[in-house]
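**Q** model this:
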Amino acid sequence: MASTDEIALDIPNFMRVYKDGRIERLTGTDVVPPSLDPTTGVSSKDIDIIPELGVSVRLYLPKLTATSTKLPVLVYYHGGGFIIETPFSPTYHNYLNSLVAEANVIAVSVHYRRAPEHFLPAAYDDSWAALQWTVSHADGGPEAWLRDHGDFTRVFVAGDSAGGNIVHDMVMRAGSSELGHGVKIYGAILIHPFFWGEEAIGNEMKNPAAKGIIDAIWKYVYPSTVSLDDPLINPISGMAPSLSRLGCGRVIVCVAEKDSLKDRGWVYYHTLASSGWEGTVEILETEGEDHVFHMFNPGSEKAGEMLKRLAAFLNR
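**A** This next block holds a predicted model:
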């Protein structure tokens, strides 16, 4: 019989899984309540959208003026390897306050189910359900902030890391399935997206230890995956459908120079640009920075530049 302290999987500074089934999340567990942010003037509140599954959203509304018009709607998916973090952590709450204020958008930050309590594809299904709930407000809907202030001709999806991976799945689904209510996704933001593959490419070949950790994360969160070339983690693999089917008109991919995932982001950008897809795609690489640096150091000059670039994307 295994000791209660015997470790099955250990990802430093991230999580620890014990052989008796316990999981210890080592970061991303703090939460803050919704509020009126005194710095940005952004208001937030929490809504349960599928209570029986524990799926909820945190809504963000920028400070309105007497001349305010309808605002773009941004659906945001947090990162954390499908295991850690929530929309309610100080990291994501503060970032959404800043992004909403800078871009003057309404945001819907999605709390999807996470592994190991709920292995993939639960997070993808929850994320799609939250997107459908959001766009239902184009025809009314229960939430006044969305119903009264949202411009549903300008719906965006965005996310970082695992959230960027989710964004890809959302726009691929939108390319083959109706969101409903006559709404289309206008644009997508993939920030340091969690894409991977069986064979190492580019700088991945220089760090086999990092590749081993990322391999292990994917296999852990999706036990029934076909392989590391599963289209959900490797959207340019031979098993993946063509990116020409992407169901939106504009995409920006953000990568960071020192990020282990950088090369996958560049390959995604080039593959999409040459796929025959009829939209426009752009890429932003931040020099000298690592994975989701803008979350860990939001006050830095480069994080500020990135925030302004994304705000401009949301308003074009």
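**Q** Gly212: neighbouring residues, count only.
**A** Residues within reach of Gly212, counting by other CB atoms under 10 Å, total 10. Yep, even glycine has a C-beta here, placed from its N, CA and C like the rest.
**Q** quick check: what element follows the helix or strand bottoming out on mean pLDDT in the chain along the chain?
**A** When the helices and strands of the chain are scored by mean pLDDT, DSSP states H and E, strand 7-11 comes last with a mean of 86. Scanning forward in sequence from strand 7-11 by DSSP states H and E, the next helix or strand is strand 15-18.
**Q** tell me the mean pLDDT for that next one?
**A** For strand 15-18, mean pLDDT is 89.
**Q** okay, now the sheet partners of that strand, with direction.
**A** Each strand that pairs with strand 15-18, with its direction, by DSSP bridges: strand 7-11 (antiparallel), strand 23-25 (antiparallel).
**Q** hmm, Trp128 and Ile50 touching each other?
**A** No - taking contacts as CB atoms under 8 Å, Ile50 lies outside contact range of Trp128: 11.4 Å.
**Q** any chance of the strands paired with strand 15-18 in a markdown table, with mean neighbour count and distance to Gly159 too?
**A** Compiled in a markdown table, those are given as follows (neighbours: other CB atoms under 10 Å; distance: least, CB to CB, whole Å):
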| stretch | mean neighbour count | distance to Gly159 |
| --- | --- | --- |
| strand 7-11 | 15 | 20 |
| strand 23-25 | 14 | 19 |
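**Q** so which of the ones you listed comes closest to Glu287?
**A** strand 7-11 (27.2 Å; CB to CB).
**Q** residues in contact with the closest one?
**A** Met15, Arg16, Val17, Tyr18, Lys19, Ile213, Ala216, Ile217, Tyr220 (CB atoms under 8 Å, 6 or more residues apart in numbering).
**Q** what about the stretch 101-250 of the chain, any weak spots by pLDDT?
**A** Applying pLDDT under 70 to the stretch 101-250 of the chain flags no residue at all.
**Q** picking that back up, and Ile50 and Trp128? Which one has more around it.
**A** Applying other CB under 10 Å to Ile50 and Trp128 shows that Trp128 carries more neighbours, namely 20 against 13.
**Q** contact partners for the residue nearest to His291 when sequence neighbours are not counted?
**A** With CB to CB, 6 or more residues apart in numbering as the criterion, His291 has its nearest non-adjacent residue at 4.4 Å, and that residue is Asp259. By CB under 8 Å, 6+ apart, Asp259 lies in contact with His192, Gly265, Glu289, Asp290, His291.
**Q** residue contacts, the fourth one?
**A** Yep, that's Asp290 we're talking about. Ala256, Lys258, Asp259.
**Q** can you tell me which of these comes closest to Trp145?
**A** Checking those against Trp145 with CB to CB, the nearest one is Ala256 at 32.5 Å.
**Q** got phi/psi on the closest one?
**A** phi -130, psi 140 (degrees, to the nearest 10).
**Q** beta-bridge partners for it, please?
**A** Thr286.
**Q** turn the contacts of strand 7-11 into a markdown table, columns for distance to Ser89.
**A** Formatted as a markdown table, the contacts of strand 7-11 follow (distance: CB to CB, whole Å):
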| residue | distance to Ser89 |
| --- | --- |
| Met15 | 15 |
| Arg16 | 19 |
| Val17 | 21 |
| Tyr18 | 23 |
| Lys19 | 28 |
| Ile213 | 22 |
| Ala216 | 23 |
| Ile217 | 19 |
| Tyr220 | 21 |
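**Q** now, the most widely separated pair of these?
**A** That would be Lys19 and Ile213, which, of the contacts of strand 7-11, are the farthest apart (CB to CB) at 19.0 Å.
**Q** report the secondary structure state of Leu190.
**A** Taking DSSP: H, G, I helix; E, B strand; the rest coil as the rule, one finds Leu190 in the strand state.
**Q** give me every residue that touches it.
**A** Ala158, Gly159, Gly164, Val167, His168, Val251, Ile252, Val253, Cys254, Gly265, Tyr268.
**Q** and for Thr40?
**A** Thr40 makes contact with Pro62, Lys63, Asn97, Ser98, Val100, Ala101, according to CB under 8 Å, 6+ apart.
**Q** which one of the residues you listed sits closest to Asp37?
**A** Scanning these for proximity to Asp37, where the rule is CB to CB, the winner is Asn97, at 4.6 Å.
**Q** and the helix or strand that contains the closest one, what does it pack against?
**A** Assigned by DSSP H and E, Asn97 belongs to helix 90-103. Here helix 90-103 touches strand 43-50, strand 55-61, strand 71-77, strand 106-111, helix 293-296, helix 301-313, going by 3 or more CB pairs under 8 Å, 6 or more residues apart in numbering; DSSP states H and E.
**Q** out of the ones you listed, which gets nearest to His137?
**A** Using CB to CB, the helices and strands packed on helix 90-103 put strand 71-77 closest to His137, at 8.3 Å.
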